[in-house]
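>>> Quick one: sequence and predicted model below, then my questions.
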Amino acid sequence: MKKELEKLKNEFEGVIKKVSDKDSLEKLKNEFLGRKGKVKSLMKNVASLADEERKVIGKIANEIKDAIEVSYGLKEKELEVQEYATIVDREWMDVTQPGTFAEQGHLHPVTKTIYEIEDIFSKIGFTRIPVPEVDWDHYAFETLNMPKDHPARDDWETFFIDAPEGKKGKLVVIPHVSNVQVRAMEDYELPFRALYIGRSYRRQSDTSHSPMFHQFEILMIDEGVNFTHLRGVIEHFVHSYFGPDRSIRLRPHHFRFTEPSFEVDISCGLCSGTGELDNIQCKMCKEGWLELAGAGMTHPNVLKAGGVDTKKYTALAFAFGIERTMMMRAGMNVDDIRTLYKNDLRFVRQF
């Protein structure tokens, strides 16, 4: 019994020398000194010894237990000293150095432009309304006076969704936000001035086209609305956003949902309307002007599709590409629309 106790003491002293952290020390303490530890288990056997032998072995057992506890206490203090010796190195800081702050994000330039556009039109009575990004071709084409054989309704032009057809035709990822026109006529009381902003999708990609882009469109329905109102609203936006020195021109065009129809061009902000940049043809505009919008007086067939009395009301509408609009602002100097969506923080952080 005496040999077993001495063996247990030697085992503890051999193991405790290798302990290097408090967790391991605590584990060792439980293993030897715990309620179910090795010392307790061995001392239970003392009770079965004869009286004289029990007194001798009991004394030895207590001495060994005390020795183990002393070794444990010394090791515990040793580890505390080591921990405090390194705490200065681990937690030292120079309070005179400037603090470090979490990096803050900011709005993408396209998002900023959207907010500015909304503010400009709200000042002249236009209210922003939502745009369904996926819609029936009934709203995207049919009610906009586009026949079924119109090129825009071809798979090569528009992203149709592989889904069952409904009562209002196929589902389509909208190629323009004009799908809201008849929806607005169905949902809002006349007269109204509506602004709607959303993402559009087309199968195009070059310096001035992106497969995904943003548009904003306005629709104004009232009695006596005419072409002078159309030009006035366009000029209000152009001069508010680009400044009073920028020029616009209206070119006759053909759109199925407006009559008469025009394309709106603005003098190029990249080359200042010269068509050249550093003696090389401007790759953004090619000739000094850049198309920004389609515009016109809303076609009577579109008004009828929305249940509007064409003898009482007339309407005007135009749609701008937001990315192009932003790129044409003085000082932007962005010559490729695809740059906006490369997720390059070096570009985004400039704005």
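Happy to help now that I have it.
>>> Domain-wise, how is this protein divided?
Here the domain assignment for the chain is 2-91, 109-348, based on automatic domain parsing.
>>> Export those domains as JSON lines, with columns for mean pLDDT and distance to Gln97.
Just so you know, the C-beta spots here come from the backbone N, C-alpha and C atoms, and that holds for glycine as well. Shown next, in JSON lines, are the domains of the chain (pLDDT from 0 to 100; distance: least, C-beta to C-beta, whole Å):
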{"stretch": "domain 2-91", "mean pLDDT": "74", "distance to Gln97": "15"}
{"stretch": "domain 109-348", "mean pLDDT": "89", "distance to Gln97": "26"}
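>>> just checking, which of these sits deepest inside the structure?
domain 109-348 (a mean of 17; mean count of other C-beta atoms under 10 Å).
>>> Compare the domains of the chain and give me the one nearest Pro98.
Taking C-beta to C-beta, domain 2-91 is the member of these nearest to Pro98, at 19.2 Å.
>>> do you know how far Asp336 is from Thr207?
Counting by C-beta to C-beta, to the nearest Å, the gap from Asp336 to Thr207 is 5 Å.
>>> Spit out the residues that contact these two alike.
Common contacts of Asp336 and Thr207 (C-beta atoms under 8 Å, 6 or more residues apart in numbering): Met284.
>>> now the helices for the stretch 51-200 of the chain?
With DSSP state H, counting those that start in this stretch as the criterion, the stretch 51-200 of the chain has helices at 51-91, 109-122, 137-140, 180-187.
>>> Looking at these, spot the one closest to Ile266.
Nearest of the helices of the stretch 51-200 of the chain (C-beta to C-beta): helix 109-122, 14.5 Å.
>>> If you drop the residues flanking it in sequence, what lies closest to Gly331?
Gly269 (7.9 Å; C-beta to C-beta, 6 or more residues apart in numbering).
>>> what's near enough to touch the nearest residue to Val308 once chain neighbours are set aside?
Distances taken as C-beta to C-beta, 6+ apart place Met185 nearest to Val308, at 5.6 Å, with adjacent residues excluded. By C-beta under 8 Å, 6+ apart, the contact list for Met185 reads 221, 303, 305-308.
>>> What of Pro130?
Tyr196.
>>> Thanks a lot, catch you later.
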